[in-house]
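*Asks:* Kindly generate the corresponding structure for this input.
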Amino acid sequence: MTKKAKVNAAILIIGNEILSGRTQDTNTSTLAIWLNSMGVYVDEVRVIPDVEKIIVDNINLLRSNHDYVFTTGGIGPTHDDITAKSVSSAFGLKYEIHKEAFKILESYYKPGEFNEGRQKMAWMPENAKLILNPTSGAPGFNIENVFSLPGVPSILKSMLGGLKNAIVGGQPIKSLTISLKTVESEIANSLTKVQNNNQDVEIGSYPFFHAGKLGVSIVIRSEDQNKIDNCNYQILEFVNEKKIEVVDR
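*Replies:* Numbers count the residues shown, from 1 in each chain. Just a heads-up that it's a prediction; the model follows:
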């Protein structure tokens, strides 16, 4: 039986405010956790400025190398919100008013409030599929394997439920974390042996500093719970041999 290839995705965070440090990116974590639950591995994350050529070049590269691409940011009403125009350019599509999006926004705002700036949020690539927004009215959109979502974290999160039927992934990706009161150098060789013996399981090692104490969290990720349990057993075996304390975090 041929093993099914992993379904993968890339995340493209668009916005000068992220690059300048004014705004903290939390959308990567939200999207990655959600995609993992859908059986989609996030292979790459990029943060880029509000520059059309850069957006176009990145979209074209990522959509050719990944099953899915998710963009966040740049679909609002201001002059620097150019994601929809850039996606249109990337696909060679006309940039135009989406009639259904226009109707949704027109009915969302009170009479007289649907001004020219807000009307800009109805401009999208031709024939775009809408991603409905239950929080603030303005929809995202989807062209082929590219999904464009807003940058506001709470709004983005509220829109993911409407995408479930559009994403076809593999088995949900499960994970287990073991936190140890140690340093990486103490476990490096033993952990490498476990990884070499379980090459189809992803094992990561992440130092932490908590309540004045140093430690290392080992994260085991796989679609197969049995493989996670097997790695967990092998890791705890050398942890016990070395008399390393397992801690709660």
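
*Asks:* for the most centrally placed residue in the chain, what are its contacts?
*Replies:* Closest to where the C-alpha atoms of the chain average out (C-alpha atoms, centre = their mean) is L31, at 3.2 Å. Contacts for L31 (C-beta atoms under 8 Å, 6 or more residues apart in numbering) come out as I11, V42, F70, T72, L156, L160. No exception for glycine: its C-beta is placed from N, CA and C like everyone else's.

*Asks:* Farthest pair within those?
*Replies:* V42 and L156 (14.9 Å; C-beta to C-beta).

*Asks:* Please say which of these two ends up with more neighbours.
*Replies:* A side-by-side neighbour count of V42 and L156, using other C-beta atoms under 10 Å, places L156 first with 23 against 20.

*Asks:* Which positions in the helix or strand hosting that one come out as buried?
*Replies:* Taking DSSP states H and E as the definition, one finds L156 inside helix 153-159. Neighbour counts over helix 153-159 (16 or more other C-beta atoms under 10 Å) mark P153, I155, L156, K157, S158, M159 as buried.

*Asks:* how deep is T23 tucked in, by neighbour count?
*Replies:* For T23, using other C-beta under 10 Å, the count is 15.

*Asks:* quick one, longest helix in the protein?
*Replies:* Looking across the chain with DSSP state H, the single longest helix is helix 225-241.

*Asks:* Which parts of the chain are helices?
*Replies:* 16-19, 27-37, 52-65, 83-91, 99-108, 116-119, 153-159, 184-197, 225-241.

*Asks:* Tabulate those helices (a markdown table), appending mean pLDDT and distance to I167.
*Replies:* Formatted as a markdown table, those follow (pLDDT from 0 to 100; distance: least, C-beta to C-beta, whole Å):
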| stretch | mean pLDDT | distance to I167 |
| --- | --- | --- |
| helix 16-19 | 94 | 24 |
| helix 27-37 | 96 | 8 |
| helix 52-65 | 98 | 15 |
| helix 83-91 | 98 | 18 |
| helix 99-108 | 96 | 21 |
| helix 116-119 | 92 | 29 |
| helix 153-159 | 96 | 13 |
| helix 184-197 | 96 | 29 |
| helix 225-241 | 96 | 22 |
